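Q: Next comes the sequence, and after it the predicted model I'd like to discuss.
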Number of protein chains: 2
Amino acid sequence: MATGRTHRPATRSRGIPEATVARLPLYLRALTALSERSVPTVSSEELAAAAGVNSAKLRKDFSYLGSYGTRGVGYDVEYLVYQISRELGLTQDWPVVIVGIGNLGAALANYGGFASRGFRVAALIDADPAMAGKPVAGIAVQHTDELEQIITDNGVSIGVIATPAGAAQQVCERLVAAGVTSILNFAPTVLTVPDGVDVRKVDLSIELQILAFHEQRKAGEETPESGPPAPVARTTAAAADRKGPDGDVPAVMPA
Amino acid sequence: MATGRTHRPATRSRGIPEATVARLPLYLRALTALSERSVPTVSSEELAAAAGVNSAKLRKDFSYLGSYGTRGVGYDVEYLVYQISRELGLTQDWPVVIVGIGNLGAALANYGGFASRGFRVAALIDADPAMAGKPVAGIAVQHTDELEQIITDNGVSIGVIATPAGAAQQVCERLVAAGVTSILNFAPTVLTVPDGVDVRKVDLSIELQILAFHEQRKAGEETPESGPPAPVARTTAAAADRKGPDGDVPAVMPA
DNA sequence: CCATCTTTGTGCACGCGTTCACAAAGACAT
DNA sequence: ATGTCTTTGTGAACGCGTGCACAAAGATGG
């Protein structure tokens, strides 16, 4: 059964903490900016400020990669850019497929940041036959029927899912079956995948709800009034003051 | 002030862990699906499976909200939907502005999940005069000059930034100055905001780089054959470790 | 009313991530 | 070369989040 995804303590290979990995792209971006300004070296303090993190945290993060700094001076920008790029695997080419060319999929296809760092859009795939052949971001959309063929031919290991929620799990399974082992999921659904497959989720709705929570908390602290609905009777169909359904029906199970 | 904050852990500690808050939308989505199937009650085990988390974690999460379950039975779906919605602040209306109506901004404007839960797109704003008046997702785009007026008139407290990286910080400052206190940032830049302003970041490029790291690691360790233990166990990917923003992040130029 | 069975709610332990604080390392001036 | 000064690299403490395991609570049946 689907249980929580236990992020295993990495392999005993090189135990770079997950939290550190998540920050490396941030450092890389800041370093690239410095590089373009021809800044030769940077201190942990400066770089940390640019990346928006604590300097001690940054130094510890870098310590997992090795000792690339020089005491009394700082870090060599170019060298660090290279090391982080290599560590993240950005020195090689990553063909990517985007499945689901709706508004979001099209926006992703056009996103510059995609091609910028080793990532190459190998194909755009959509289930709508009317989309087939239609060019999006300079690439002709292909039909879902060709999904397996595309994955295999291009050696794609990273897939992006931008389909409606209802189709996501099925698409996911086909991607995985065809050889994809990393998935970036934009559909508002929990994906179930076999061991060995990584999934990262980007969910606009969730982000907004989290913001709303904090926003409400802020407002509540300064506004003592507003009549809090006292929690009362239960067991019986309580509340449900939220009115009926609206178009969005985030299905958890593929229907 | 009558209702100061953090005064009474007696009733219920207002301190809901950030990690829990981040999962509430997930539970809510699963519960909504159950509600639409008219399922009256659900056990922590079932709900946890649907949400892709551990059942113990789910129970602990709910314990922060209060004791809404019935031992031996489970949780009342409708009641829980209401409680979580209320906790997240979704029972009220949240006017939102989207700044930067490019490919991404337009996609966001068209996103159904936006309007679905209390979030209402109050305005679409773009710096390009040619965009002004042009309808996107049924709403006429307005020029940046009117930003402050729009924020004030509509009482907007949540802003979405979908501009190029170079414009993000400036837009952010104008939003904050006009009264926005929560920002969802899609631009690949670290935003600097005053204390009291929440920022959540969605960065496609970073997500891909993290996937690339793991992908590279898999490829590199692929040596030990004999294959995986072929575990029938399937994990549910939840991933995405967001971290609660605090308001202290310097800026940096985009890459 | 009592026994049994199911499922919640939580005390506890463990591991990860963050932060402080400082010794060691190297640059630089004299 | 030697001393001083800057900045790294890291040991250690702390706090948060996670998962186990179990007692308590309530439903259910006799």
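A: Sure, I can see it.

Q: Which stretches in the stretch 1-150 of chain A count as helices?
A: According to DSSP state H, counting those that start in this stretch, the stretch 1-150 of chain A carries its helices in the segments A:18-36, A:44-51, A:55-65, A:77-88, A:103-110, A:112-116, A:147-154.

Q: How far off centre is the first one?
A: Using CA atoms, centre = their mean, to the nearest Å, we find the averaged C-alpha position of helix A:18-36 to lie 15 Å away from the chain's own average C-alpha position.

Q: Kindly report the same for the second one.
A: The chain centroid and the centroid of helix A:44-51 are separated by 24 Å under CA atoms, centre = their mean.

Q: is that helix anywhere near DNA strand C?
A: No. Contact between helix A:44-51 and DNA strand C is absent, the nearest approach being 9.5 Å (criterion: CB under 7 Å from any atom of the strand). Where C-beta positions appear, they are placed from N, C-alpha and C, glycine not excepted.

Q: Need the residues that contact that helix.
A: Where contact means CB atoms under 8 Å, 6 or more residues apart in numbering or on different chains, the residues beyond helix A:44-51 that reach it are A:23, A:26-27, A:29-31, A:33-34, A:42, A:54-55, A:57-59, A:62, A:69, A:74-75, B:190, B:250-252.

Q: That one to helix A:77-88, inter-axis angle?
A: Relative orientation of helix A:44-51 versus helix A:77-88 (axes from the mean of the first three to the mean of the last three CA atoms, to 10 degrees): 60 degrees.

Q: How about the fifth one?
A: Orientation note: helix A:103-110 sits at an angle of 130 degrees relative to helix A:77-88 (the same axes, to 10 degrees).

Q: got the CA positions of helix A:103-110 in CSV?
A: These are the backbone C-alpha positions of helix A:103-110, laid out as CSV (Å, rounded to 0.1, in the frame of the first residue of the first chain):
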residue,chain,number,x,y,z
ASN,A,103,-1.7,26.3,-20.7
LEU,A,104,0.8,25.2,-18.2
GLY,A,105,2.6,22.7,-20.4
ALA,A,106,3.0,25.3,-23.1
ALA,A,107,4.3,27.8,-20.6
LEU,A,108,6.9,25.3,-19.4
ALA,A,109,7.9,24.5,-23.0
ASN,A,110,8.5,28.2,-23.5
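
Q: got the contact list for it?
A: By CB under 8 Å, 6+ apart, the surrounding residues in contact with helix A:103-110 are A:98-99, A:101, A:114, A:121, A:124, A:126, A:136-137, A:139, A:160, A:162-163, A:186, B:102-104, B:106-107, B:110-111, B:204.

Q: A:Ala127 against A:Ala167, yeah?
A: Yes. At 6.9 Å, A:Ala127 counts as touching A:Ala167 under the criterion of CB atoms under 8 Å.

Q: what do those two both touch?
A: A:Gly100.

Q: quick check: domain ranges of chain A?
A: Chain A breaks down into these structural domains: A:18-88, A:94-204 (assignment by automatic domain parsing).

Q: B:Leu208 is nearest to which of the ones you listed?
A: Nearest to B:Leu208 among these is domain A:94-204; the distance by CB to CB comes to 5.6 Å.

Q: Pop out the phi and psi values for A:Gly72.
A: Its backbone dihedrals place A:Gly72 at phi 90, psi -10, with angles given as degrees, to the nearest 10.

Q: Next, find the distance separating it from A:Thr41.
A: Using CB to CB, to the nearest Å, one gets 11 Å for the distance from A:Gly72 to A:Thr41.

Q: Of these two, which one has the most company?
A: Legend: neighbour count by other CB atoms under 10 Å in any protein chain shown for A:Gly72 and A:Thr41, higher for A:Thr41 (17 against 6).

Q: what about the residue lying closest to that one once chain neighbours are set aside, how many residues close to it?
A: Counting by CB to CB, 6 or more residues apart in numbering or on different chains, A:Thr41 lies nearest to A:Gly74, which is 4.6 Å off, once chain neighbours are set aside. Look at A:Gly74: counted by other CB under 10 Å, it has 17 neighbours.

Q: Tell me who's in contact with A:Gly74.
A: Neighbours of A:Gly74 in contact, by CB under 8 Å, 6+ apart: A:41-44, A:46.

Q: quick one: which of those residues is nearest to A:Glu146?
A: Minimum separation from A:Glu146 among the contacts of A:Gly74 (CB to CB) is found for A:Val42, which lies at 46.7 Å.

Q: what separates that closest one from A:Gly69, distance-wise?
A: 10 Å.

Q: Which neighbours do these two have in common?
A: Overlap of the contact sets of A:Val42 and A:Gly69 (by CB under 8 Å, 6+ apart) consists of A:Tyr75.

Q: Have a look at those two and say which one is more surrounded.
A: Higher neighbour count among A:Val42 and A:Gly69: A:Val42, with 22 against 19, using other CB under 10 Å.
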